[in-house]
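1. Pasting the sequence and the predicted model now:
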Amino acid sequence: MPLDRQPRLIIVTRRRVSPEIPVDEQMAEARGERRITAEQIIAAHQRTREFQTERLRTIRREGRINFRPRYGQATGTIDLTIDGEYFWDSTTGGEWVIRDKYIGGVRLNWDEFPEIPLLRWERVIQAPLALDLDKRYRYELEQSEQVDGRDCWRVRFEPLESDTSGSLQRGRAWIDKRTAAMVKVSYVQTNLEPPLISREETRLYRPYEGPDGTEYWVLDGLDGQVIQSVAGANLVVLQEWSFGPPEINGTEFGPIRDQAYASRAQMLRDTEEGFVWLERTDSGERVAKRGKTRQWFAVGGLLNDEGADELLPLAGVNYINLDTFGRGMLFNLFFAGALANVTLSDPTFLDSKLDVALNVNALGYAGTDKTYVRGEEIVSERVKRRAQTISLTGGYPLGDFVKLRGGLSAAYINYHRDDETGAFVVPEDHTAYSGRLSLAFDRAGWGLEAGSRYTRRSSWSPWGPESALVSGDALEDAESFSVWSVVAQKTWFLPFFQQIELSADFRGGSDLDRFSAFTFGFLSGDRLRGFGGSGIRYDRGVLAQLDYEFNVRQIVQLEGTIEHARVEPLGEDEMTSHTGFGIAANFPGPKETLIRFDVGYALASDIEEVEGDLEFLLVVLKLF
């Protein structure tokens, strides 16, 4: 256009829909090409993304975040949920206003949700397809698939081997053939800084129309998993994000968010380093702050099982420090009268991926060790037993979902006579030294672990009935022994805060005697509801568990558990069966307390004497 002094009318037309892919399979065939390439698809997606980025200014919508942490294969999954309003703008990023809070589907009427440090995770800085494709990623077109009724290309991507500059992703992206928009992406984040081991996410995107008629593709749901090293084991946190319909580029976005800032509601901001809390100042502004690294809990309750002579009161404290010595080390102190535990863990030992933990466990009471012969207890052979243990454990990740674990421990074990003990020689006190090794896998609600442990006693003198002491070769063989186990579990999450968990535990050992064989216990041994302290001992067997959790009107969370064990009692050739049933309730109490009541009942057993046994645990937890 020539430049002169004459007035001219210039008309600018803006697209209201994203540009379509400029080349499709039919066009490629017409040019003699076999098919469209991954590079062409990615280039078209980049243009679509740039088109949207130029126009998308704000998003406001209702949302929900579910966090479901599980520690190794030792605990069930806890369901933590936040409902609230989500604000996003191109300058600040994403922010959450917390409206409702739930634990296990039970609504918390607390003023504030506990500032759980688990929320402080590293996040993905940019989606993989927004990076410089020439420098960081290799792409491969795999096939065509339908996602949400849309025809898509499935493209696999992975970091170039030469690029070690930072944390990248590898996975698959589903690109809409018509619009070149991303419909779905699934990836694993690599090269994370310890103590993070891996992060896996699947994101779904859907189109929504803005006020100007433009079609915007925005995040509509997320399922993911984060694995972090804690005290030699994996802390696995499953996460799920869901959203309601968005208001895009709304004219009232600013005033509504300002109202949220001025309110007393808790707020979170999603930053490049993870979630941070937004603290309200006296002037009504919001200032970013990190979550707490220290927390005190008051603990109280009651414990009863067949291994204790009387009802055990529990009263004490639990202190957690996630940044001990300012080095990100975990310190945990638990003291509740009859029980005490101290843990010090370094998740990045010597600035490596190795995490190391030192643990001391002490019992303030002696349990009653019982023995059975053909289903009948020999009361005159009861023995009181108490152990104090110190252990050093370590874990090292092998890839994104596998962890190698090992440890050394020393347990001082004290034996003495029970009031019912007759002509029976109790074992001498000794120290048992153990070494153990295991391999664990965690992904998509699955948990698998296989391991073994070798133990040698410092001394082991004759014991048993005075007329038939265990001695000679049998005593010498039992001075050292080994055990192994394979555990598998799977958790399914259902609507309305329901959860189903299925697990199986296969185990066995060699050179086991009465005082080293497997047993059922509430606090020691393997829990089988209703059989804690029953005295049943075995050298091989399988334990299976089915657990169902649900909540009643968002007031109380209930857990129903059925367990079955098929084991071979020590010294016998025939397998025996034992079935337990348990029910537990979790609910918030007064003064911002959490209460758990857990009851186990011995439903059926080939040993009739233990049928009908009852165990229970009551715990009250108070945060400060």
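-> Nice, I can see it. Nothing here was measured: the structure is a model prediction, and the numbers come from that model. Numbering: from 1, shown residues only.
2. by contact count, what packs against the longest helix that the chain contains?
-> Selection of the longest helix in the chain by residue count, based on DSSP state H, yields helix 38-55. Judged by 3 or more Cβ pairs under 8 Å, 6 or more residues apart in numbering; DSSP states H and E, helix 38-55 is in contact with helix 133-136, strand 137-147, strand 150-159, strand 169-176, strand 215-230. The C-beta positions use only the backbone N, C-alpha and C, and glycine is treated the same way.
3. Mind checking the pLDDT average for the longest one?
-> Looking back up the chat, that one is strand 215-230. Mean pLDDT, computed over strand 215-230, is 90.
4. After it, heading C-terminal, what element do we hit next?
-> Next along the chain after strand 215-230, taking DSSP states H and E as the criterion, comes strand 233-243.
5. neighbouring strands for that next one, and are they parallel or not?
-> As defined by DSSP bridges, the strand partners of strand 233-243 come to strand 58-71 (antiparallel), strand 215-230 (antiparallel).
6. Of all those strands, which one comes closest to D505?
-> Counting by Cβ to Cβ, D505 lies closest to strand 58-71 out of the strands paired with strand 233-243; the figure is 15.9 Å.
7. Identify the residues contacting the helix or strand just after the closest one?
-> Using DSSP H and E, the helix or strand that follows strand 58-71 in sequence is strand 80-89. The contact list for strand 80-89 (Cβ atoms under 8 Å, 6 or more residues apart in numbering) reads 57-69, 94-103, 105, 113, 116, 243, 253, 257, 260, 265, 497.
8. Mind doing that once more with 6 Å?
-> 58-61, 63-67, 94-100, 102, 257 (Cβ atoms under 6 Å, 6 or more residues apart in numbering).
9. Got a ChimeraX select line for the buried ones in the residues you listed?
-> Selecting only the buried entries of the contacts of strand 80-89 in ChimeraX, with 16 or more other Cβ atoms under 10 Å as the criterion:
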select :58,59,60,61,63,64,65,66,67,94,95,96,97,98,102,257
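10. Pull the number of nearby residues for D323.
-> If you count neighbours by other Cβ atoms under 10 Å, D323 ends up with 15.
11. residues in contact with it?
-> T293.
12. model confidence over whichever helix or strand it is part of, on average?
-> Per DSSP H and E: D323 is located in strand 312-324. In this model, strand 312-324 carries a mean pLDDT of 88.
13. tell me which strands and helices the next helix or strand after it is in contact with?
-> Where DSSP H and E defines the elements, the next helix or strand beyond strand 312-324 is strand 329-335. Applying 3 or more Cβ pairs under 6 Å, 6 or more residues apart in numbering; DSSP states H and E, one finds that strand 329-335 contacts strand 312-324, strand 339-346.
14. before we move on, back to that, Serialize the strands paired with strand 233-243 to TSV and add fields for distance to G328.
-> Shown next, in TSV, are the strands paired with strand 233-243 (distance: least, Cβ to Cβ, whole Å):
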stretch	distance to G328
strand 58-71	18
strand 215-230	11
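15. what bridges to N341?
-> According to DSSP bridges, beta-bridge pairing links N341 with F334, N361.
16. most packed of the helices and strands packed on helix 38-55?
-> Of the helices and strands packed on helix 38-55, the one with the most neighbours on average (mean count of other Cβ atoms under 10 Å) is strand 169-176, at a mean of 22.
17. The helix or strand following that one pairs with which strands?
-> The C-terminal neighbour of strand 169-176 among helices and strands, as given by DSSP H and E, is strand 182-189. Applying DSSP bridges, strand 182-189 is found paired with strand 169-176 (antiparallel), strand 196-209 (antiparallel).
18. W296 and K622 touch, don't they?
-> No: the criterion here is Cβ atoms under 6 Å, and W296 misses it with K622 at 9.0 Å.
19. out of those two, which sits in the busier spot?
-> K622 (17 against 13).
20. What distance do you get for the more buried one to R540?
-> From K622 across to R540, the span is 43 Å (Cβ to Cβ, to the nearest Å).
21. For the closest residue to G232 other than its chain neighbours, give the beta-bridge partners.
-> What sits nearest to G232 in space, not counting adjacent residues and going by Cβ to Cβ, 6 or more residues apart in numbering, is T393, at 3.5 Å. Counting by DSSP bridges, T393 is bridged to A357, G407.
22. and T393, what does it touch?
-> Contacts of T393 by Cβ under 6 Å, 6+ apart are 232, 357, 407.
23. Near the last one, how many other residues are there?
-> Put plainly, it is G407. Per other Cβ under 10 Å, the neighbour tally for G407 reads 20.
24. what's the spacing between it and L278?
-> 41 Å.
25. same deal with T576?
-> 58 Å.
26. swap in S503?
-> 40 Å.
27. The closest residue to L621 other than its chain neighbours: which element?
-> Setting aside the residues directly before and after it, L621 is nearest to L594 in space (Cβ to Cβ, 6+ apart), at 4.5 Å. Following DSSP H and E, one finds L594 within strand 593-605.
28. Run a quick neighbour tally on the closest residue to S459 other than its chain neighbours.
-> Spatial nearest neighbour of S459, excluding adjacent residues (Cβ to Cβ, 6+ apart): H430 at 5.0 Å. When neighbours are counted by other Cβ under 10 Å, H430 registers 18.
29. How about V236?
-> V236 is flanked by 26 other residues according to other Cβ under 10 Å.
30. how close does it get to F349?
-> Distance of V236 to F349, given as Cβ to Cβ: 21 Å.
31. one step back: give me whichever of the helices and strands packed on strand 329-335 is most buried.
-> strand 339-346 (a mean of 19).
32. name the helices or strands packed onto it?
-> Strand 339-346 sits against strand 329-335, strand 355-363, with contacts defined as 3+ Cβ pairs under 6 Å, 6+ apart.
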